[in-house]
Every structure is written in C-alpha cells, then in structure tokens.
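Participant: just the structure for this:
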Amino acid sequence: MTLPGAVTLGVLISGRGSNLQAIIDAINDGRLAARIAIVISNRAGAAGLARAERAGIETAVLPHGRYESRADYDHELASVLKARGVTLVCLAGFMRLLGSSFLNAFPNAVLNIHPSLLPAFPGLDAQQQAFDHGVKVAGATVHLVTPELDSGPIVAQQAIAVSDGDTAETLAARILEVEHDLYPRAIAGFCRGFVVTGRRFVPTATLGT
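Facilitator: Numbers count the residues shown, from 1 in each chain. Below is the predicted model of the structure:
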C-alpha cells in the first residue's frame, strides 16, 4: 500500500519476519503512513521473504558469506537500499551487526527492536537473560542503531509484568506480542519528527514544533 508522502522503508530480516508482518499490517490498515520498498535477508531460507512476496513487496537475498569483509557487505546493502529510495531502515530480526559505513549512509535512520527493556539484557537471548535474572518487569525496546550493540538512543519502550507462572518460553512469546504492537507505533512516531540530544530521543511534538 503506497500512501501520498509516505516514508519509504527498507526492512532487513534473517528469519520468520513476524515483526515485518506487523509493519505490513499496520501500513495496510492505515496505522502507519509508510511504504516498504524492499525486504532484504542475509539468509536465503528466511520465512519472512515469503511474507513480503505475498504482500507484493520486492525481496532480495544478500548472503554475507559472499563478501570479503563487513565493509564490503555493508556497502552493497546500503547501495541496494539507496537505489530504491529508502529513507528509513528497519531491522526486524536481522541477525547481523551493521558497521559505521552503513550507519553513515543512513544517519539517525536505522531502527531496531530488541526483546528487553534496554539497557538491561542486550545481545542474544534477552528473554532468557531476563527470566534467569528473576526480573519482575520485562518488555521490548525500539532504538536507533549505533555501532555499539543495542546501545542507541531509545525511541520507545513497552513493559509487561513477569508472572510467577511464566517460563522463559511463555515470557518470550508475550514479549513478541508486545513487539508487534510497539514497532509500528514507534516507526509512526519516528516519522513525525524528532531530535537527538545526547542519548535522548525527543519527538519534535513535545518541543512544540
């Protein structure tokens, strides 16, 4: 679905693409004024590619193993996105770190969603980390991507209570439901404008502009 004046997204995936589907659904039902120009996976068998194809979205596979260096991969990835007019890159389960050269090509325009309340539990298996730590509150975070893992300015967060009956698996499933609600809302807020002051992401609406 293409909307007049919509932000042009490129979505990067590595797996099933459930957050990609949440973004597609938000666009189709009018909650998000954006269009997805391309979905790119670094894994040929990613199930999310089929989701994109069913929605009529262009897909591409860029296996990182074909490139001699991270910089070469990042350059090619940025080139493919730029050629399609992408203005905002959304990571949706993209299991690869992006280097400074890629981030410089999209300054303050790369978002990621992480299944914890950052800065707690960065990196892999965040839900298991939270469960093992015995936290009483968990959740998800959308943040700007920087070269440091899961360390960029926080755009939005949503929390859930951890119940006594939770397991690591049930907690992960409930956090995923939160992600599906949070990510499209965070993208919509991002597209309405913001400034970054230090580590703080501040929507321009709160500044009266």
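
Participant: contact partners for Phe201?
Facilitator: Going by Cβ atoms under 8 Å, 6 or more residues apart in numbering, Phe201 touches 144, 153-155, 194. In this view, the C-beta of every residue, glycine as well, is placed from N, C-alpha and C.

Participant: and what of Leu176?
Facilitator: 18, 115.

Participant: pLDDT score assigned to Gly208?
Facilitator: As predicted, Gly208 sits at a pLDDT of 47.

Participant: sorry, wrong one. I was asking about Tyr67.
Facilitator: Reported pLDDT for Tyr67: 88.

Participant: now do the domain split for the protein, please.
Facilitator: For the chain, automatic domain parsing gives the domain ranges 1-107, 112-209.

Participant: how distant is the first one from the center of its chain?
Facilitator: So that's domain 1-107. 9 Å (Cα atoms, centre = their mean, to the nearest Å).

Participant: any chance you could map the strands in this protein?
Facilitator: Remark: strands assigned in the chain by DSSP state E are 7-13, 34-41, 58-61, 88-91, 110-114, 137-144, 154-161, 194-197, 200-203.

Participant: pull up the pairing partners for the second one, direction included.
Facilitator: Read that as strand 34-41. As defined by DSSP bridges, the strand partners of strand 34-41 come to strand 7-13 (parallel), strand 58-61 (parallel).

Participant: one step back: of the contacts of Phe201 - the most surrounded one?
Facilitator: Each of these was scored for neighbours by other Cβ atoms under 10 Å, and Val155 scores highest at 23 neighbours.

Participant: for that one, which non-adjacent residue is closest in space?
Facilitator: Once flanking residues are discounted, Val155 sits nearest to Val142: 4.5 Å by Cβ to Cβ, 6 or more residues apart in numbering.

Participant: was I right about that neighbour contacting Leu182?
Facilitator: Yes - under the criterion of Cβ atoms under 8 Å, Val142 makes contact with Leu182 at 6.2 Å.

Participant: got any residues that touch both of these two?
Facilitator: Common neighbours of Val142 and Leu182, using Cβ under 8 Å, 6+ apart, are 113, 156-157.
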